[in-house]
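Student: A structural model of the following input is requested.
(one chain, ligands or ions: 1)
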Amino acid sequence: MNNASLSERAPYNRTISVTQKEIEHYKKDLLKAGRKLSAKELDGKIILGNLFEALDYLPDNFIDLLFIDPPYNLSKKFNTASFKEMNPESYQQWIESWLEKMVRLLKPEASIYICGDWKSSSSIFNAGRKFFKVQNRITWEREKGRGAKKNWKNCTEDIWFFTMSSNYIFNIDEVKMKRKVLAPYRSEEGNPKDWQSEGEENYRITHPSNMWTDITVPFWSMPENTDHPTQKPEKLLAKLILASSNKGDFVFDPFMGSGSTLVTAKKLGRRFSGIDIDELYCIYAAKRLALAEEDKSIQGYDGKIFWERNTLSEQKKNNKNDKPKHQQVPYQGKIKQYKINFDDSDKTNL
Ligand SMILES: C[S@@+](CC[C@H](N)C(=O)[O-])C[C@H]1O[C@@H](n2cnc3c(N)ncnc32)[C@H](O)[C@@H]1O
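Tutor: Residues are numbered from 1 along each chain as shown. All right, here's what the predicted structure looks like:
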């Protein structure tokens with residue numbers, strides 16, 4: 001567990017970190033690659049190990065939804081592992097080297113999402129189309145990232161959507177958005193056109209597009225935050241999981257990191273498993289899964305509808321009697337905790 005160091009957090013910092021005792025505790029439950037595993041054995045478990053060593057031991061046809069957030073095509077350190085930027089052709093070959101092994105694991109009606117930045121995107125598209133049907137590309141506008149002096153600041157990521165066949169699940173009613181209406185038009189009879197009033201505000205429930213502007217990168221004041229440098233938000237995973245799987249389906253993440261996919265799948269009643277090569281990240285994921293036993297809330301999603309960014313006060317008004325627990329978790333005091341040393345402003349794949 002290199003690079004981990006003891007540190008203290010500021011009282012308002014809600015980042016999840018782990019004590020030495022917790023590391024020892026959660027370590028016992030991690031699976032190791034190297035023997036055949038059934039879907040039943042995998043369910044709810046984390047595999048600590050190298051994806052290339054683990055894949056051959058996984059069962060046929062068990063995944064309903066595959067979410068993949070690989071290292072992007074840039075030089076970056078992930079605690080103990082690091083990735084080196086390569087030319088787009090080599091990056092595509094690298095993707096294909098594990099993606100082709102994953103086809104065997106997928107059910108015939110499975111969906112596959114693969115994340116990347118603008119530099120990685122064409123390689124992902126070209127690799128994915130060799131094995132799957134291309135359905136769409138979601139562009140996620142995320143606020144964080146450094147400004148560039150001689151280029152446009154990058155603030156988007158792509159999420160490619162593939163399926164195994166034309167027969168796939170898409171639960172549109174599960175992923176509708178609640179948006180404030182700025183121009184509340186009425187019919188000739190004076191009735192609201194496709195919106196409704198709630199208190200002083202007017203809202204419209206809309207179909208989601210492939211441009212996502214309502215999701216924030218996890219940061220230190222959010223209870224889902226860890227020190228993983230490229231952690232994906234639970235709200236983003238919730239949309240994909242709700243749209244592309246049903247309760248009880250199996251969700252798998254081969255580059256699991258801090259476990260956002262597994263935690264969100266658990267909160268939404270899916271079966272799940274994932275792999276990461278780094279022990280500390282697996283421990284973060286295990287701790288988050290334990291916390292999800294008590295707290296099933298997902299910031300920005302009230303169990304029915306996805307809210308726009310920066311609407312916490314309106315969500316609170318809407319949920320007066322049903323306050324999400326993530327707003328109630330008290331700070332646990334100044335305790336010695338393990339964290340990785342890096343700057344939170346770097347919380348992006350770029
Ligand atoms: C982009 S991050 C995933 C972040 C994750 N989506 C989250 O929400 O925290 C990629 C992860 O892949 C892991 N990784 C890199 N190479 C790997 C390999 N060969 N096998 C398994 N995991 C690997 C890294 O440790 C890192 O945590």
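
Student: so what pLDDT did residue 63 get?
Tutor: On the pLDDT scale, residue 63 is placed at 98.

Student: Pop out the phi and psi values for the residue lying closest to residue 178 once chain neighbours are set aside.
Tutor: Closest residue to residue 178 apart from its sequence neighbours, by CB to CB, 6 or more residues apart in numbering: residue 305 at 4.4 Å. Backbone N, C-alpha and C define where each C-beta goes, glycine included. The phi and psi torsions at residue 305 (degrees, to the nearest 10) take the values phi -130, psi 150.

Student: contacting residues around the closest residue to the ligand within the chain?
Tutor: Nearest residue of the chain to the ligand: residue 257, at 2.6 Å (CB to the nearest ligand atom). Applying CB atoms under 8 Å, 6 or more residues apart in numbering, one finds that residue 257 lies in contact with 69, 78, 228, 230-232, 276, 281, 285.

Student: which ones are touching the residue nearest to residue 178?
Tutor: Residue 305 touches 176-178, 205, counting by CB under 8 Å, 6+ apart.

Student: at 10 Å instead, please
Tutor: 174-179, 203, 205, 315, 318 (CB atoms under 10 Å, 6 or more residues apart in numbering).

Student: What separation do you get for the residue of the chain closest to the ligand and residue 263?
Tutor: Distance, residue 257 to residue 263, by CB to CB, to the nearest Å: 11 Å.

Student: just the contacts of residue 257 that are near the ligand?
Tutor: Restricting the contacts of residue 257 to those touching the ligand (CB under 6 Å from any ligand atom) yields 69, 78, 228, 230-232, 276, 281.

Student: these two touch, right, residue 296 and residue 268?
Tutor: Yes. Between residue 296 and residue 268 a contact is recorded at 8.3 Å, counting by CB atoms under 10 Å.

Student: quick one, which of the two is more surrounded?
Tutor: Remark: of residue 296 and residue 268, residue 268 carries more neighbours, 23 against 15, as counted by other CB atoms under 10 Å.

Student: Leaving out sequence neighbours, find the closest residue to the more buried one.
Tutor: residue 241 (5.4 Å).

Student: cool, and residue 16?
Tutor: Nearest to residue 16 is residue 226, by CB to CB, 6+ apart, at 4.9 Å.

Student: Check the secondary structure at the one you found for me.
Tutor: Here residue 226 takes the coil state, with states given by DSSP: H, G, I helix; E, B strand; the rest coil.

Student: Was I right to think it contacts residue 258?
Tutor: Yes. Using CB under 10 Å, residue 226 makes contact with residue 258 at a distance of 4.3 Å.

Student: which of the two has more neighbours?
Tutor: Neighbours were counted for residue 226 and for residue 258 using other CB under 10 Å; residue 258 has more, 28 against 24.

Student: My guess is that one contacts residue 288. True?
Tutor: Yes. Counting by CB under 10 Å, residue 258 does reach residue 288; the two are 6.9 Å apart.

Student: Quickly list what's touching both of these two.
Tutor: The contact sets of residue 258 and residue 288 overlap at 16, 224, 226 (CB under 10 Å, 6+ apart).

Student: Quick check: the last one vs residue 257, distance?
Tutor: What it means is residue 226. Separation of residue 226 from residue 257 (CB to CB): 9 Å.

Student: Spit out the residues that contact these two alike.
Tutor: Joint contacts of residue 226 and residue 257 (CB under 10 Å, 6+ apart) are 281, 284-285.

Student: Please tell me which one of the residues you listed counts the most neighbours.
Tutor: Taking other CB under 10 Å to define a neighbour, the member of the shared contacts of residue 226 and residue 257 with the most is residue 284, carrying 29 neighbours.
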